[in-house]
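[1] Sequence below, structure please.
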Amino acid sequence: MKKETVFSSHFSALTALFILGNGVMVLPVKGADEYSFLGYLISIAIAFLLYFAVIPVANRLFADNKSGNLRAYKKILLTIIYLFTAVLAVLYAAETFLSFISFASTVLLKSYPKWVAVLIFLAVIAFFLLRRQEDFLKFTLLAFCFTAAVIVFFFIASVKNLDFNNIVILNIPNFKELLPQIKTYALNPVLPTLLMAVYGNIVFKKSRPKETFWGLGLGFTLLAMCILNSVLLFGAHFAAALDYPYASAVSTVTIGRLFTRLDGFSYFVYFASALAKIIVCLFITRSMLKKANKLKCKD
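    Here you go, the predicted model:
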């Protein structure tokens, strides 16, 4: 990138979409209870603390400033870190891909064989992987604007049917009761979000705390609205029993007698969020393998 200010809003938008990822489809997961949303709020605090604690480490490890004069043990250590990051990223990409394909074949393209959804989504992923990151960032900004508008619209349109008593906590839970809920959100989306610090260093040559702060805030807020949409409508236990809680929640939104299937607008949300997370993860995987190979070639 030419300047630090270039693509600032794009990076925030990408961070927000990355957080939504496949979580917008599957959260809250089975096992969620009345403490689920409290666990989510605590996980947000953990995410901010972890991310900004990781930034100095990410700047040191992943910025493209490694010379060929490193000692052998440092090269080995860096290679292990790069390969571990690559494996982690590809696992997150695979998880998100499978979540979207399962959703698409069940909801979007239920009249078609699953391989149709696989081929279409793979073609889109390949298209963006072969493009410059600048092009991908431009797409994510537009995708985020539409995604945010759709999520806010469905939340407002659902308000009259939402029961806020579903998140009221009558008894303060102990840590043992709360831990399973925190763990759920720590695994997704908190831990995967740390990869955005790696992505920032690869594309912009350093992490971008200000843009990331806004991206984290927007992403976690939008995901909170999606979780609340299902929890406040169905209750935590029933929402968690559904395969796709948010999709089920927005499918109940109607406006008059003419507009009875507005949930079609939400399909882009699942697509754009999953695509953003997958592309970032695969881009990181490719970059980490290149870095590891570069260190090997300098031996």
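
[2] switch to C-alpha atoms for all contacts and neighbour counts from now on
    Fine.

[3] Pop out the phi and psi values for Leu109.
    phi -120, psi 50 (degrees, to the nearest 10).

[4] Equivalent analysis for Ser207, please.
    According to degrees, to the nearest 10, Ser207 has phi -70, psi 150.

[5] Could you report the distance from the nearest residue to it once chain neighbours are set aside to Ser12?
    Spatially, and ignoring its direct neighbours in sequence, Ser207 is nearest to Gly200 (4.8 Å; C-alpha to C-alpha, 6 or more residues apart in numbering). The spacing between Gly200 and Ser12, counted by C-alpha to C-alpha, to the nearest Å, is 11 Å.

[6] the more surrounded of those two?
    Ser12 (27 against 23; other C-alpha atoms under 10 Å).

[7] starting at the chain centroid, how far to the helix or strand containing the more buried one?
    Using DSSP states H and E, the element containing Ser12 is helix 8-20. Averaging C-alpha positions (C-alpha atoms, centre = their mean, to the nearest Å) puts helix 8-20 9 Å from its chain's average.

[8] contacts for it?
    Contacts of helix 8-20 from elsewhere in the structure, counted by C-alpha atoms under 8 Å, 6 or more residues apart in numbering, are 137-138, 140-141, 144, 189-190, 193, 196, 211-220, 222-223, 272-274, 276-277.

[9] redo that, cut-off 7 Å
    Contacting residues not belonging to helix 8-20 are listed as 137-138, 140-141, 144, 189, 193, 196, 211-212, 214-216, 218-220, 223, 273, 276-277 [C-alpha atoms under 7 Å, 6 or more residues apart in numbering].

[10] just stretch 122-135 next, same as before
    Phe136, Leu275, Ile279.

[11] please redo it, this time with the cut-off set to 10 Å
    For stretch 122-135, contacts defined as C-alpha atoms under 10 Å, 6 or more residues apart in numbering pick out 1, 6-7, 10, 97, 116-117, 119-121, 136, 139-140, 203, 275-276, 278-280, 282-283, 286.

[12] And stretch 170-186, what's buried?
    Leu178, Pro180, Gln181, Ile182, Thr184, Tyr185, Ala186 (16 or more other C-alpha atoms under 10 Å).

[13] Please, where are all the helices along the stretch 51-200 of the chain?
    For the stretch 51-200 of the chain, the helices defined by DSSP state H, counting those that start in this stretch occupy 72-103, 114-129, 133-158, 175-185, 191-193, 195-204.

[14] Let me have those helices in JSON lines, adding distance to Thr254 and mean pLDDT as columns.
    As requested, these are arranged in JSON lines below (distance: least, C-alpha to C-alpha, whole Å; pLDDT from 0 to 100):
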{"stretch": "helix 72-103", "distance to Thr254": "22", "mean pLDDT": "92"}
{"stretch": "helix 114-129", "distance to Thr254": "27", "mean pLDDT": "94"}
{"stretch": "helix 133-158", "distance to Thr254": "8", "mean pLDDT": "94"}
{"stretch": "helix 175-185", "distance to Thr254": "30", "mean pLDDT": "90"}
{"stretch": "helix 191-193", "distance to Thr254": "34", "mean pLDDT": "95"}
{"stretch": "helix 195-204", "distance to Thr254": "37", "mean pLDDT": "91"}
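
[15] Quick one: closest of those helices to Phe164.
    Nearest to Phe164 among the helices of the stretch 51-200 of the chain is helix 133-158 (11.9 Å), distances taken as C-alpha to C-alpha.

[16] Quick one: residues contacting Phe234.
    Contacts of Phe234 were listed using C-alpha under 10 Å, 6+ apart, and they are Asn161, Leu162, Asp163, Asn166, Leu228, Ala240, Leu242, Pro245, Ser248, Ala249.

[17] Make sure the first one is actually in contact with Gly235.
    No - with contact defined as C-alpha atoms under 10 Å, Asn161 does not reach Gly235; the gap is 11.8 Å.

[18] Give the residues shared as contacts by the two.
    Asn229.

[19] most neighbours per residue, which of the helices of the stretch 51-200 of the chain?
    Among those, helix 195-204 has the highest mean neighbour count (mean count of other C-alpha atoms under 10 Å), at a mean of 22.

[20] CA-only coordinates of stretch 43-53, as PDB, when you get a sec.
    Output in PDB follows, covering the C-alpha atoms of stretch 43-53 (Å, rounded to 0.1, in the frame of the first residue of the first chain):
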ATOM      1  CA  SER A  43     -15.700 -12.300  25.100                       C
ATOM      2  CA  ILE A  44     -15.800  -8.900  23.400                       C
ATOM      3  CA  ALA A  45     -13.700  -7.400  26.200                       C
ATOM      4  CA  ILE A  46     -11.300 -10.400  26.000                       C
ATOM      5  CA  ALA A  47     -11.100  -9.900  22.200                       C
ATOM      6  CA  PHE A  48     -10.000  -6.200  22.600                       C
ATOM      7  CA  LEU A  49      -7.500  -7.000  25.300                       C
ATOM      8  CA  LEU A  50      -6.000 -10.000  23.400                       C
ATOM      9  CA  TYR A  51      -5.900  -8.200  20.000                       C
ATOM     10  CA  PHE A  52      -4.000  -5.100  21.300                       C
ATOM     11  CA  ALA A  53      -1.700  -7.200  23.400                       C
END
